[in-house]
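Asks: Have a look at this fold, sequence not included:
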């Protein structure tokens, strides 16, 4: 986890350099700066030609740290760091069902039949109970200290979004973990609602600043 955080603070300023394309001189200057850090022509080319176009519209937060739990042996927090815009699982539009094709129109129609169909549609709409909108699920592992197992325990308890975590007191979150299957004695829920509120409000930069001050979800 410590290495992932260090890498994030190292690579994100370099990615920002690839977005300064006001002039040819500016591009060449930034090429030289990035190369002085990476010392790899292929990596610099990849950064400017592949990564830069993907992150052009993103104001910051190019990377995501995914917690992978604790390492066997010394129980150190392990994680994976990735470029947000290159994740095919969390990417926009991935996993959504294809839009349904519009129904084909038939030529057989009449005023009486149209009226009957309209009346039937109104009756069906009145009679059918309104379905509750499915609660939107968030990736709770983006909260420092919450690993996949903890996220599963919360999901089983009906806490599936950042807003759910933000609205739950740290003591209640601890009670849920104590009642769940698994060993979560080391989990510190103190900062989770605060982190979740920032994530729910879309304040990811502020969330990153807060997480940089934490170790395993606890205040350093």
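Replies: Looks like it came in fine. Fair warning: this is a prediction, and the values are worked out from it, not measured in the lab.
Asks: what residues are up against residue 64?
Replies: 81, 82, 83, 84, 87, 90, 142 (C-beta atoms under 8 Å, 6 or more residues apart in numbering). (Glycine included, C-beta is placed from N, CA and C.)
Asks: Tell me the one among those nearest to residue 26.
Replies: Nearest to residue 26 among the contacts of residue 64: residue 83, at 23.0 Å, using C-beta to C-beta.
Asks: Now tell me what touches the host helix or strand of residue 78 from outside.
Replies: Taking DSSP states H and E as the criterion, the element that holds residue 78 is strand 77-83. Residues lying outside strand 77-83 but in contact with it, judged by C-beta under 8 Å, 6+ apart, are 1, 4, 7-8, 51, 54-55, 62-71, 216.
Asks: Show me those residues that map onto helices.
Replies: The helices, defined by DSSP state H, take in 4, 7, 8, 54, 55 from those.
Asks: so where is the chain shaky, pLDDT-wise?
Replies: 88-135, 182, 216-218, 220 (pLDDT under 70).
Asks: how much space between the residue nearest to the spatial centre of it and residue 73?
Replies: The geometric centre of the chain, computed from its C-alpha atoms, lies nearest to residue 139 (C-alpha atoms, centre = their mean), at 5.6 Å. When C-beta to C-beta, to the nearest Å is the yardstick, residue 139 and residue 73 sit 27 Å from each other.
Asks: Residue 12 now?
Replies: Summarising the geometry, the distance separating residue 12 from residue 73, computed by C-beta to C-beta, is 31 Å.
Asks: which one of those two has more residues nearby?
Replies: Neighbour tally, residue 12 and residue 73, criterion other C-beta atoms under 10 Å: the higher count belongs to residue 12, 15 against 6.
Asks: and the more buried one, what does it touch?
Replies: Residue 12 makes contact with 60, 61, 62, 63 under the criterion C-beta under 8 Å, 6+ apart.
Asks: re the thing from before, which of the contacts of strand 77-83 are buried?
Replies: Neighbour counting with 16 or more other C-beta atoms under 10 Å marks 1, 4, 8, 51, 55, 62-67, 70, 216 as buried within the contacts of strand 77-83.
Asks: Just the closest of those residues to residue 155, please.
Replies: Distance to residue 155 across those (C-beta to C-beta) is lowest for residue 67, with 15.5 Å.
Asks: Mind jotting down where the helices sit in the protein?
Replies: All helices of the chain, identified by DSSP H, fall at 2-17, 24-38, 41-46, 52-55, 111-127, 148-156, 162-166, 170-179, 192-200, 204-211.
Asks: can I get these in a markdown table with distance to residue 185?
Replies: Putting the helices of the chain into a markdown table (distance: least, C-beta to C-beta, whole Å) gives the following:
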| stretch | distance to residue 185 |
| --- | --- |
| helix 2-17 | 22 |
| helix 24-38 | 42 |
| helix 41-46 | 43 |
| helix 52-55 | 40 |
| helix 111-127 | 52 |
| helix 148-156 | 12 |
| helix 162-166 | 19 |
| helix 170-179 | 8 |
| helix 192-200 | 16 |
| helix 204-211 | 22 |
